[in-house]
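> Quick check, what structure comes out for this input:
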Amino acid sequence: MTYCVGIMTHEGLVLGSDSRTNSGIDMVNACRKMHTFVKEGSRVLVLLTSGSLSLSQSVVTLLRREFEQEAGLAAAPTMYDAARTIGTQIRNLAALDRESLERDHFHFNINVLLGGQIQGGPPALYLIYPQGNPLMATPDSPFIQIGESKYGRPILDRGVRYHETSLEEAAKYALISFDSTMRSNATVGPPIDLLTYVADEFAIKRYRRFEEGAPDLKQIRRRWEQSLRRAVRDLPPIKFSPSDPLPE
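Numbering: from 1, shown residues only. Below you'll find the model as predicted:
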């Protein structure tokens, strides 16, 4: 299973992914799901992948081959075009592998989260579906998740605001979202790759890989749990009415 999240704020982007993958035909315990495509000074593109590991690796390999030849993601004029480039490679891969996979009762399962910035445009965040079509994050919906998303979503819904949330705060929300997911679902786990991108830097300067048992990740988990319990204790008491009829 997988959990990846991208958060867009007025200051830039936060992108994070776990590394656990051990289901289905992909008998691998851990694998990096964050991939970077950078031309310093002109473009920074970060891909997060979920779904079949073999399909994800194939798409990234095809995109990397194009990038090294100054084509594909290296030549896309806008982030939308970059998202479409990824979609094209997903469809190309579907033409190669979908029929044989589905003949043996395996789904063609791949989702890609793209975040970054290309010179001349603002930072942007996209989800590219298995069919190749993209969905863009907006100030009204400033985060996108892929994989096992339900456990980590409530904190993002309640906390992240495009115009108000700083990148530092967004990174903390991302880590709490990961912690909540790992607490409730053992198929998501470290190492966690976390990256923040400041608008118009056109370089990756803030990246961290949190291994199992990282002291600062443990501290965030402990402080968050303590703060949550304290907040519940501080809530006003629930008033029960003895006159309300009991349910039959």
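> need the helices for the chain, in chain order.
53-68, 79-103, 153-159, 167-184, 215-234 (DSSP state H).
> List just the one of those that sits closest to M34.
Ranking these by distance to M34, with CB to CB as the measure, places helix 53-68 first at 10.3 Å. Any C-beta I mention is one placed from the backbone N, CA and C, and that applies to glycine too.
> what is the mean pLDDT for the closest one?
Mean pLDDT, helix 53-68: 94.
> could I have it exported to PDB, CA atoms only?
Extracted as PDB, the C-alpha positions of helix 53-68 are listed here (Å, rounded to 0.1, in the frame of the first residue of the first chain):
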ATOM      1  CA  LEU A  53       5.400  -0.800  -8.500                       C
ATOM      2  CA  SER A  54       6.300  -2.300 -11.900                       C
ATOM      3  CA  LEU A  55       4.100   0.200 -13.700                       C
ATOM      4  CA  SER A  56       5.400   3.200 -11.700                       C
ATOM      5  CA  GLN A  57       9.000   2.200 -12.400                       C
ATOM      6  CA  SER A  58       8.300   1.800 -16.100                       C
ATOM      7  CA  VAL A  59       6.700   5.300 -16.400                       C
ATOM      8  CA  VAL A  60       9.500   6.900 -14.400                       C
ATOM      9  CA  THR A  61      12.100   5.200 -16.600                       C
ATOM     10  CA  LEU A  62      10.400   6.400 -19.800                       C
ATOM     11  CA  LEU A  63      10.100   9.900 -18.400                       C
ATOM     12  CA  ARG A  64      13.800   9.900 -17.300                       C
ATOM     13  CA  ARG A  65      14.900   8.700 -20.700                       C
ATOM     14  CA  GLU A  66      13.100  11.600 -22.400                       C
ATOM     15  CA  PHE A  67      14.300  14.100 -19.800                       C
ATOM     16  CA  GLU A  68      18.000  13.200 -20.400                       C
END
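> to the chain's geometric centre, what's the distance from that helix?
18 Å (CA atoms, centre = their mean, to the nearest Å).
> Use 51 as the first number from now on
Okay, residue one is now 51; in that scheme the one you just asked about reads as helix 103-118.
> and the angle for it with helix 129-153?
140 degrees (axes from the mean of the first three to the mean of the last three CA atoms, to 10 degrees).
> Output the contacting helices and strands for helix 103-118.
Contacting helix 103-118 under the criterion 3 or more CB pairs under 8 Å, 6 or more residues apart in numbering; DSSP states H and E are the following elements: strand 84-89, strand 93-101, helix 129-153, strand 160-168.
> Let me know which of the ones you listed is the nearest to T71.
Comparing these by CB to CB, strand 93-101 comes nearest, at 9.2 Å.
> distance of the residue nearest the centre of the chain from L98?
With distances taken as CA atoms, centre = their mean, V55 lies nearest the centre of the chain, 2.3 Å away. From V55 across to L98, the span is 8 Å (CB to CB, to the nearest Å).
> Give the residues shared as contacts by these two.
Common contact partners of V55 and L98 (CB atoms under 8 Å, 6 or more residues apart in numbering): 65-67, 163, 196.
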